[in-house]
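# Need coordinates for the below:
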Amino acid sequence: MYGKNLVFKVDFSRKSLKQLQSIDRQNQIRIKEAVKKLEIYPPGIEIGKVKKYSDVFKLRVGDWRIFFRYKFLTYQVEIISIRLRDKAYK
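Numbers count the residues shown, from 1 in each chain. All right, here's what the predicted structure looks like:
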């Protein structure tokens, strides 16, 4: 498997879909484009680990933070939450 990219399916949680729908259209488009890049592992964009959780990562899109986890057994990326930066870490 060395040297090959894995393809994942992106799944939004019910909570993250509601959060996405409450965001203005322009930012929705930016977030969807960024999340699409998570379908290939390893992603070609910078992601960070969330310190509190061992399996949760974050993706920065402007002032927005997308929290997600990779499920390697089922080849899925689960989008957990989409929040503004100032509210994301509270």
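
# Quick one: the strands in the protein, in order.
Taking DSSP state E as the criterion, the chain carries its strands at 6-7, 9-12, 40-41, 47-49, 57-61, 64-71, 76-84.

# Which residues belonging to the last one are considered buried?
Neighbour counts using 16 or more other Cβ atoms under 10 Å place 77-80, 82-83 of strand 76-84 among the buried residues. The C-beta positions use only the backbone N, C-alpha and C, and glycine is treated the same way.

# could you say what helices and strands that strand packs with?
strand 9-12, helix 14-21, helix 25-36, strand 64-71 (3 or more Cβ pairs under 8 Å, 6 or more residues apart in numbering; DSSP states H and E).

# Quick one, which of the ones you listed gets closest to Lys90.
When the helices and strands packed on strand 76-84 are compared for distance to Lys90 using Cβ to Cβ, the nearest one is strand 64-71, at 11.6 Å.

# what angle separates the closest one from strand 57-61?
Computed with axes from the mean of the first three to the mean of the last three Cα atoms, to 10 degrees, the direction of strand 64-71 lies at 150 degrees from that of strand 57-61.

# Need the winner for burial among the helices and strands packed on strand 76-84.
Using mean count of other Cβ atoms under 10 Å, the stretch among those with the largest mean neighbour count is strand 64-71, at a mean of 20.
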